[in-house]
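Participant: model this:
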Amino acid sequence: MTAGLSIVVPLYNEAKGLASLHASLAEVARALTQTRGLRVEVVYVDDGSHDETFHIAQALPASALDVQIVSLSRNFGKEAALAAGLDHARFGAVLFMDGDGQHSPDLIARLVAYWLDEGYDVVYTAKAHRANEPLTRRLGGKLFYTLLNWGSRHKIPEDAGDFRLLSPRAATALRAMPERNRFFKGLASWIGFRQKRVDYEPGEREHGKTTFGLTSLFVLSIEGLTSFSVAPLRLASLLGVLLAATALLFGASMLFEVLFYGVAVPGYPSMVVGLMVLGGVQLVMIGVVGEYIGKILSEIKARPVYFVAEHSVKTAQERSADATRAAAE
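Facilitator: Okay, here's the model as predicted:
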């Protein structure tokens with residue numbers, strides 16, 4: 001593995017802002033090469049975009065950094081795109097960032113400094129606050145991390161994002177993780193090593209609207225919970241104990257009223273309500289268990305996480321050859 005830094009950027013319909021992002025990354029790469037002596041490449045992973053993202057990426061210049069384009073055969077999701085970028089990264093350290101402009105390239109030099117100057121293996125960013133988010137989203141995030149870390153030996157940091165840098169040994173450890181149902185935030189935290197949190201303010205999307213809505217967040221939450229926590233199973237068990245205890249108390253109270261006050265036990269309505277409650281709880285528990293069984297089935301099938309349709313690399317050697325040919329002509 002060549003010494004240097006690979007910047008992995010998953011893309012999905014980011015044609016409008018890609019050229020601007022690449023120009024910013026080129027400036028950062030130029031500065032890192034001059035001040036740190038790092039060789040830098042960017043790995044753009046086109047996750048089945050429907051616009052001109054792939055064609056624009058192919059035309060991007062490799063003037064200040066190597067450019068690698070990985071086009072997936074279809075849309076496999078962000079987690080698969082991150083895995084593809086990690087697998088194709090040619091340099092030792094790997095930095096992951098989004099391609100929508102919300103992760104500022106200006107922060108890259110700071111992350112690199114924590115890695116090179118202070119010896120941190122994982123430098124991850126986290127939102128400084130959620131004051132600008134709706135209350136429902138803030139409460140949902142709090143509930144998610146509470147369940148995720150409940151009873152866990154290793155706590156996954158709250159509000160941590162995918163914008164993070166991994167040292168060569170941390171990147172090697174992440175590649176060794178065999179899961180096909182991947183939750184990147186959890187995996188990057190679980191590997192351990194020296195980790196550093198950097199708070200930041202996400203920028204606004206420069207073009208278009210995010211495709212990562214509430215439904216996607218909910219699906220990702222289920223993925224994270226079932227991959228890194230048994231909290232849903234524990235909650236199902238606790239709910240069963242709670243219902244059994246409630247039924248026991250209710251039965252004892254009815255027996256007391258019959259024996260000491262001669263009150264008739266209510267029949268049809270109480271029976272129907274009880275059956276509906278128990279039936280609903282049982283269906284929920286079956287659904288929770290089903291999620292875990294589905295994960296097991298997916299892992300046993302061992303299908304590839306992604307397939308690559310097209311792959312290209314523009315390196316410094318190619319730039320030199322192009323310049324030589326241009327001069328000769």
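
Participant: contacts and neighbour counts: CA atoms only from here.
Facilitator: Will do.

Participant: Point to the helix or strand of this structure where mean pLDDT is at its lowest.
Facilitator: In the chain, no helix or strand scores lower on mean pLDDT, DSSP states H and E than helix 316-328, which sits at a mean of 49.

Participant: quick one: contacts of stretch 280-297?
Facilitator: Contacts to stretch 280-297, defined as CA atoms under 8 Å, 6 or more residues apart in numbering, come from residues Asn181, Thr226, Pro232, Leu233, Ala236, Gly240.

Participant: mind giving me TSV with those and columns for distance to Tyr200?
Facilitator: Below are the contacts of stretch 280-297 laid out as TSV (distance: CA to CA, whole Å):
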residue	distance to Tyr200
Asn181	28
Thr226	28
Pro232	31
Leu233	35
Ala236	37
Gly240	42
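
Participant: I'd like to know which of those are buried.
Facilitator: The neighbour count (16 or more other CA atoms under 10 Å) marks Asn181, Thr226, Pro232, Ala236, Gly240 as buried among the contacts of stretch 280-297.

Participant: Flag the least confident of those.
Facilitator: Least confident of the buried ones among the contacts of stretch 280-297 in the model: Thr226, at 64.

Participant: Which pLDDT value does the model give Ser6?
Facilitator: pLDDT at Ser6 comes out at 90.

Participant: who's in contact with it?
Facilitator: Counting by CA under 8 Å, 6+ apart, Ser6 touches Val40, Glu41, Val42, Val43, Ala89, Arg90, Phe91, Gly92, Ala93, Val94, Leu95.

Participant: hmm, try it at 7 Å
Facilitator: Residues in contact with Ser6, defined by CA atoms under 7 Å, 6 or more residues apart in numbering, are Val40, Glu41, Val42, Val43, Ala89, Arg90, Phe91, Ala93, Val94, Leu95.

Participant: The nearest residue to Ala89 once chain neighbours are set aside bridge partners, please.
Facilitator: Using CA to CA, 6 or more residues apart in numbering and skipping residues adjacent in sequence, the residue nearest Ala89 is Ser6, 5.7 Å away. Ser6 forms beta bridges with Glu41, Val94, as assigned by DSSP bridges.

Participant: distance of Ser6 from Val277?
Facilitator: Note on Ser6: its distance to Val277, by CA to CA, to the nearest Å, is 54 Å.

Participant: ok, now Ala247?
Facilitator: Ala247 is 11 Å from Val277, by CA to CA.

Participant: And the contacts of stretch 280-297, which is closest to Leu72?
Facilitator: Leu72 has its nearest neighbour among the contacts of stretch 280-297 in Asn181, at 17.3 Å by CA to CA.

Participant: SS state for that closest one?
Facilitator: Look at Asn181: counting by DSSP: H, G, I helix; E, B strand; the rest coil, its state is coil.

Participant: Tell me who's in contact with Ala26.
Facilitator: The contact partners of Ala26, taken as CA under 7 Å, 6+ apart, are Ala64, Leu65.

Participant: Tell me which stretches of the stretch 51-200 of the chain form helices.
Facilitator: For the stretch 51-200 of the chain, the helices defined by DSSP state H, counting those that start in this stretch cover 53-58, 78-88, 108-118, 135-149, 168-175, 184-190.

Participant: tell me the most buried of the ones you listed?
Facilitator: helix 78-88 (a mean of 22; mean count of other CA atoms under 10 Å).

Participant: what's it in contact with?
Facilitator: For helix 78-88, the surrounding residues in contact (CA under 7 Å, 6+ apart) are Val8, Pro10, Val43, Val45, Asp47, Arg182, Phe183, Phe184, Val305, Tyr306.

Participant: Could the C-alpha coordinates of stretch 245-257 be exported in PDB?
Facilitator: Only the C-alpha atoms of stretch 245-257 are listed here, as PDB (Å, rounded to 0.1, in the frame of the first residue of the first chain):
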ATOM      1  CA  ALA A 245     -46.600  -9.000  35.500                       C
ATOM      2  CA  THR A 246     -49.500  -6.800  34.600                       C
ATOM      3  CA  ALA A 247     -51.700  -9.800  33.800                       C
ATOM      4  CA  LEU A 248     -50.800 -11.400  37.100                       C
ATOM      5  CA  LEU A 249     -51.700  -8.300  39.000                       C
ATOM      6  CA  PHE A 250     -54.900  -7.800  37.100                       C
ATOM      7  CA  GLY A 251     -55.900 -11.500  37.700                       C
ATOM      8  CA  ALA A 252     -55.100 -11.100  41.400                       C
ATOM      9  CA  SER A 253     -57.200  -7.900  41.700                       C
ATOM     10  CA  MET A 254     -60.200  -9.700  40.000                       C
ATOM     11  CA  LEU A 255     -59.900 -12.700  42.300                       C
ATOM     12  CA  PHE A 256     -59.800 -10.300  45.300                       C
ATOM     13  CA  GLU A 257     -62.900  -8.500  44.200                       C
END
